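> Next come a sequence and a model predicted from it.
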Amino acid sequence: PYSAISTENLLASRDGVARAAAILADGGLVAMPTETVYGLAADARNDHAVARIFDAKGRPRFNPLIVHVADVEVAKRYVEWSDVADRVAQAFWPGALTLVLPLRADSGLSPLVTADLSTLAVRVPAHPLAQDLLRHFDGPVAAPSANPSGKISPTTAAHVTAGLSGRIEGILDGGSCPVGVESTILGLAGTPTLLRPGGIPQEALEQCLGHPLEVYKNGDALTAPGQMTSHYAPGASVRLNAEGVVEGEVMLGFGAMDCTLNLSPAGDLVEAAANLFGHLHALDAMGPEGIAVAPIPETGLGRAINDRLRRAAAPR
Ligand code: TXA
Ligand code: MG
């Protein structure tokens, strides 16, 4: 139950960024492009603004948010920093990596951001418009993916409009998100643990840390409360590891093959990640009974792609 508000389309310009920053300062909601997916941004210190994120997305309040900051120095105001954090931040920030660290008692963040956990997820995005907005606003920005909860994540401003228009004050249009899958989440509050596969491959993190990572599996515990099994769900049912289509299906391909849309005809996983959500949105818009998906290798960005596809295919 919300009253529709008019959503401004903000262009990728100094004025657009300034307007987006003003909306945030005013307690409003703005979709911002990042290199992974569009985020639904709000001032992370403002309870009312953060509460509106949950309402706009229909997101359960127990699912905590990632706080976005301009650089490592700002991150240190909100989390207890560590040597391991420093090592991975030096290697991968700004970029598609989120770190979960102990929340500082003096963080000043709204408790809604962390869903009252004692840890905080924090990330320094690389996208130039996200960087501009964070510097202009000069404060911590809470931002989940800018899609209705449980639906396909947005990688264009048009995806955001389709899902959230009338519920948020503005959309800063940065074109397509280059990485195309959400950030990798690394838990560093205890033993380093991969909480969500994403835009930085597990292999790259392990090489940086010099040891294999523990990998969180759904159902282990409440370490990644947002890792609900059914997520990224299109309207159509999704069938994985398909060799071809059956009646009523469209096909999402990978590598040289006959299909409706191809993630990467060349079999390139980076290209496939960049196309994943856009192709799912497009196939879903065709209104098929089902989407058949070709097998994707479980390596590099393939882990993040398969994770999202498994959730899209999970029973609802
Ligand atoms: O690439 C991304 O990470 C995008 C862009 C906008 O930055 N954001 C994003 O946010 O994917 P969201 O809310 O869709 O996913 C954040 C995930 C959720 O699964 C949430 O449960 C988890 O991060 N998370 C947040 N805080 C956490 C914490 N303290 N401990 C464990 N998991 C946490
Ligand atoms: Mg999300």
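Received it, and whenever you're ready, just let me know what you need. Predicted model, so just to flag it, every value in this text is computed and none were measured. Residues are numbered from 1 along each chain as shown. Ligands and ions are numbered 1, 2, ... in the order given.

> just the strands in the stretch 101-250 of the chain please.
Secondary structure of the stretch 101-250 of the chain (DSSP state E, counting those that start in this stretch): strands located at 119-123, 141-142, 170-172, 184-187, 193-196, 214-215, 237-239, 249-253.

> tell me what the first one is packed against?
Helices and strands touching strand 119-123, by 3 or more Cβ pairs under 8 Å, 6 or more residues apart in numbering; DSSP states H and E, are strand 66-68, strand 97-102. (Glycine included, C-beta is placed from N, CA and C.)

> which outside residues touch the helix or strand following the first one?
Same thing as strand 66-68. Following strand 66-68 in sequence order, the next helix or strand is helix 72-75 (DSSP states H and E). Here helix 72-75 makes contact (Cβ atoms under 8 Å, 6 or more residues apart in numbering) with 69, 81, 86, 89, 93, 99, 122, 124, 140.

> Give the ranges of residues in this protein that sit below the confidence cut-off.
The model of the chain has pLDDT under 70 over residues 1-3, 218-229.

> Flag every residue of it that's near ligand 1.
34, 36-37, 39, 63-66, 98, 100, 114, 117, 119-121, 123, 143-145, 182-183, 185, 195, 224-227 (Cβ under 6 Å from any ligand atom).

> Weed out the non-buried ones from those.
For those, a neighbour count by 16 or more other Cβ atoms under 10 Å gives the buried set as 34, 36-37, 39, 63-66, 98, 100, 114, 117, 119-121, 123, 143-145, 182-183, 185, 195, 224, 226-227.

> mind giving me the domain split of this protein?
Recorded structural domains for the chain (assignment: automatic domain parsing) are 8-82+98-181, 237-313.

> Between the two ends of the longest one, how far is it?
Read it as domain 8-82+98-181. 25 Å (Cα to Cα, to the nearest Å).

> for it, the distance to its chain's centre please.
Distance of domain 8-82+98-181 from the chain centroid (Cα atoms, centre = their mean, to the nearest Å) equals 10 Å.

> what's the most buried one of the domains of the chain?
Neighbour counts (mean count of other Cβ atoms under 10 Å) averaged over each of the domains of the chain peak at domain 8-82+98-181, with a mean of 21.
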